[in-house]
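J.: here are the coordinates; sequence isn't available:
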């Protein structure tokens with residue numbers, strides 16, 4: 001029986017979805033839930049047959065399916081976090097990667113066609129850079145300036161096992177490809193064990209949910225104002241080279257985002273002074289920037305932290321039409337308008353179709369981390385060793401940020417629309433709203449942002465708050481079906 005991508009509330013035990021989940025890579029419908037990550041970017045050598053054989057081996061022996069990932073998640077919860085789960089692995093290809101492996105992408109047959117044009121040109125292309133207002137490629141980190149064919153994602157709760165397995169895989173893939181760049185990441189947590197990012201705010205709070213168990217848990221808060229459920233079509237597309245009706249994949253956007261923690265905190269303090277906030281109210285300055293307090297409390301619901309273990313997510317902005325509680329330029333309001341009635345061009349349903357599935361992890365590296373005198377393997381080993389030192393508060397001279405990646409069915413209509421038309425658009429959702437204070441990129445603001453002087457009151461104060469996040473490089477990828485990876489060496493090419 002074929003799968004209906006319009007469906008949500010997916011029961012992994014339903015026989016209808018078993019073939020899809022067995023052939024779909026993990027980390028798409030549900031995060032891999034490992035604390036440590038290693039990201040390896042490679043460029044294949046000229047002999048593509050050897051590379052395809054290695055990929056087939058990796059797909060057979062390492063790549064984690066959505067089915068296995070869901071089963072691991074259940075065991076992890078039952079063990080109260082003591083179950084390590086072992087190594088998680090994913091394998092994604094860029095458009096240039098498919099070409100380097102010899103695939104015919106311009107034939108007359110519909111098979112092998114990628115309808116997402118952004119994927120075809122890639123993130124480093126001038127057309128995409130201009131639309132996103134990204135820094136020019138010459139300003140990206142050196143490794144990201146090179147041509148990237150594939151992205152190998154490894155993750156584990158056992159840091160030592162991750163390091164051991166990652167180094168072995170780098171050595172093996174190095175026989176068929178050049179290692180052009182590596183990154184390592186860690187899930188940062190606050191004192192309560194809740195996931196945060198380097199600015200100190202709860203992270204990964206509001207995500208599109210596909211699976212029955214996750215949706216039922218979210219429903220405990222109610223869905224009258226905001227429904228977190230999402231249909232499979234939000235993130236899945238047929239694998240262009242897949243075999244059979246159950247072979248699906250997803251487009252992935254990868255971006256390394258450097259965070260200026262010191263600059264952010266200084267601007268946050270200046271904003272608090274500008275608004276004359278004192279004592280516990282000082283925390284509201286950061287909440288107005290992000291749209292949530294550091295504990296996750298939405299500022300549209302409360303003028304102060306509520307310290308709830310379950311972060312409120314059943315809300316919209318109907319009770320804050322003038323942006324006097326949560327500013328229009330607050331990050332979560334820009335990135336997810338939730339049917340904001342000030343938007344005269346798009347409906348709630350259209351806003352929901354723009355959502356992306358975020359799978360970010362924090363990183364940190366010392367100034368000498370990119371020592372060109374070291375081999376790629378030695379540099380990678382140093383990065384893995386630094387995972388032991390990574391903490392919420394950056395060390396002196398340490399560069400920190402997010403290794404941001406997200407999945408979707410259409411890069412242009414989801415991630416790029418969100419970045420270009422919302423975060424970077426100074427006139428969304430209202431005229432002269434200003435940039436998204438976290439994710440906004442582009443030229444100096446026209447009239448700056450306006451901030452509510454008192455929560456829920458009419459008076460607003462102008463203050464510029466932006467450009468504390470810098471894009472350092474990335475690429476567009478496709479996460480193909482596992483059956484494609486396993487059988488890649490047998491697929492006919494041009």
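T.: Arrived safely. Everything numeric in this text was worked out from a predicted model, so none of it was measured.
J.: Verify the contact between residue 203 and residue 197 for me.
T.: Yes: between residue 203 and residue 197 a contact is recorded at 4.5 Å, counting by C-beta atoms under 8 Å. In this view, the C-beta of every residue, glycine as well, is placed from N, C-alpha and C.
J.: Would you enumerate the residues in contact with residue 417?
T.: residue 354 (C-beta atoms under 8 Å, 6 or more residues apart in numbering).
J.: For it, grab phi and psi.
T.: phi -60, psi -50 (degrees, to the nearest 10).
J.: could you measure it against residue 295, distance?
T.: 30 Å (C-beta to C-beta, to the nearest Å).
J.: Need the three-state assignment for residue 119.
T.: Counting by DSSP: H, G, I helix; E, B strand; the rest coil, the backbone at residue 119 sits in helix.
J.: That one: what's it in contact with?
T.: Taking C-beta under 8 Å, 6+ apart as the test, what residue 119 contacts is 95, 251, 411, 476, 478.
J.: How about residue 182?
T.: Contact partners of residue 182, counting by C-beta under 8 Å, 6+ apart, are 38-41, 143, 170, 376, 379-380, 383.
J.: Residue 477 - that's part of a strand, no?
T.: Yes: looking at residue 477 with three-state DSSP, it is inside a strand.
J.: rewinding a little: give me the PyMOL select line for the contacts of residue 119, limited to the buried ones.
T.: Isolation of the buried members of the contacts of residue 119 (16 or more other C-beta atoms under 10 Å) is achieved in PyMOL through the command below:
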select buried, resi 95+251+411+476+478
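J.: about what we covered before: switch the contacts of residue 182 over to JSON lines; also include distance to residue 455.
T.: Conversion of those to JSON lines gives the following (distance: C-beta to C-beta, whole Å):
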{"residue": "38", "distance to residue 455": "43"}
{"residue": "39", "distance to residue 455": "40"}
{"residue": "40", "distance to residue 455": "46"}
{"residue": "41", "distance to residue 455": "45"}
{"residue": "143", "distance to residue 455": "45"}
{"residue": "170", "distance to residue 455": "51"}
{"residue": "376", "distance to residue 455": "51"}
{"residue": "379", "distance to residue 455": "48"}
{"residue": "380", "distance to residue 455": "48"}
{"residue": "383", "distance to residue 455": "43"}
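J.: Switch those residues over to CSV; also include secondary structure and distance to residue 218.
T.: CSV is the format used below for these (DSSP: H, G, I helix; E, B strand; the rest coil; distance: C-beta to C-beta, whole Å):
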residue, secondary structure, distance to residue 218
38, strand, 31
39, strand, 29
40, strand, 34
41, strand, 34
143, helix, 38
170, helix, 38
376, helix, 42
379, helix, 41
380, helix, 38
383, helix, 35
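J.: okay, who's weakest in those residues by pLDDT?
T.: Lowest in pLDDT among the contacts of residue 182 is residue 376, which has 83.
J.: Contact partners for that one?
T.: Counting by C-beta under 8 Å, 6+ apart, residue 376 has contacts 170, 179-180, 182.
J.: Could you list the low-pLDDT ranges of the stretch 101-250 of the chain?
T.: 106-112 (pLDDT under 70).
J.: 80 instead, please
T.: Scanning the stretch 101-250 of the chain for pLDDT under 80 picks out 104-112.
J.: which residues of it fall in helices?
T.: 117-121, 126-132, 142-145, 159-173, 212-219 (DSSP state H, counting those that start in this stretch).
J.: Of these, which is nearest residue 230?
T.: Checking the helices of the stretch 101-250 of the chain against residue 230 by C-beta to C-beta gives helix 212-219 as the closest, at 9.0 Å.
J.: Check which residues of the closest one are buried.
T.: 212-215, 218.
J.: How far away from the center of its chain is that helix?
T.: 21 Å (C-alpha atoms, centre = their mean, to the nearest Å).
J.: wait, which of the contacts of residue 182 is closest to residue 470?
T.: The closest of the contacts of residue 182, once distances to residue 470 are taken by C-beta to C-beta, is residue 143, at 15.9 Å.
J.: what's the nearest residue to the closest one if we skip its chain neighbours?
T.: Among residues not flanking residue 143 along the chain, residue 181 sits closest, at 2.8 Å (C-beta to C-beta, 6 or more residues apart in numbering).
J.: Likewise for residue 155?
T.: Counting by C-beta to C-beta, 6+ apart, the residue nearest residue 155 is residue 34, at 3.6 Å.
J.: Am I right that that neighbour sits in a helix?
T.: No: read with three-state DSSP, residue 34 is coil and lies in no helix.
J.: my read: residue 236 touches residue 247, true?
T.: No: between residue 236 and residue 247 there is no contact under C-beta under 8 Å: 10.4 Å.
J.: so how far is the first residue of stretch 379-399 from its last?
T.: Length of stretch 379-399, first residue to last, C-alpha to C-alpha, to the nearest Å: 16 Å.
J.: just how off-centre is that stretch within its chain?
T.: With C-alpha atoms, centre = their mean, you get 21 Å for stretch 379-399.
J.: cool, stretch 212-229 as well?
T.: Distance of stretch 212-229 from the chain centroid (C-alpha atoms, centre = their mean) equals 21 Å.
J.: Tell me which residues are up against that stretch.
T.: 8-12, 30, 206-210, 310, 312-316, 318, 338.
J.: Could you turn the buried ones of those into a PyMOL selection?
T.: Typed into PyMOL, the line below selects the buried ones among these, using 16+ other C-beta under 10 Å:
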select buried, resi 8+10+12+30+206+207+208+209+210+312+313+314+315+316+338
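J.: What about the contacts of stretch 212-229, which are in helices?
T.: Within the contacts of stretch 212-229, no residue falls in helices by DSSP state H.
J.: now, which of the contacts of stretch 212-229 lie within strands?
T.: Using DSSP state E, no member of the contacts of stretch 212-229 sits in strands.
J.: quick one on the thing from earlier: what do residue 203 and residue 197 both touch?
T.: Common neighbours of residue 203 and residue 197 (criterion: C-beta under 8 Å, 6+ apart): 188, 360.
J.: who has more neighbours, those two?
T.: Applying other C-beta atoms under 10 Å to residue 203 and residue 197 shows that residue 197 carries more neighbours, namely 24 against 20.
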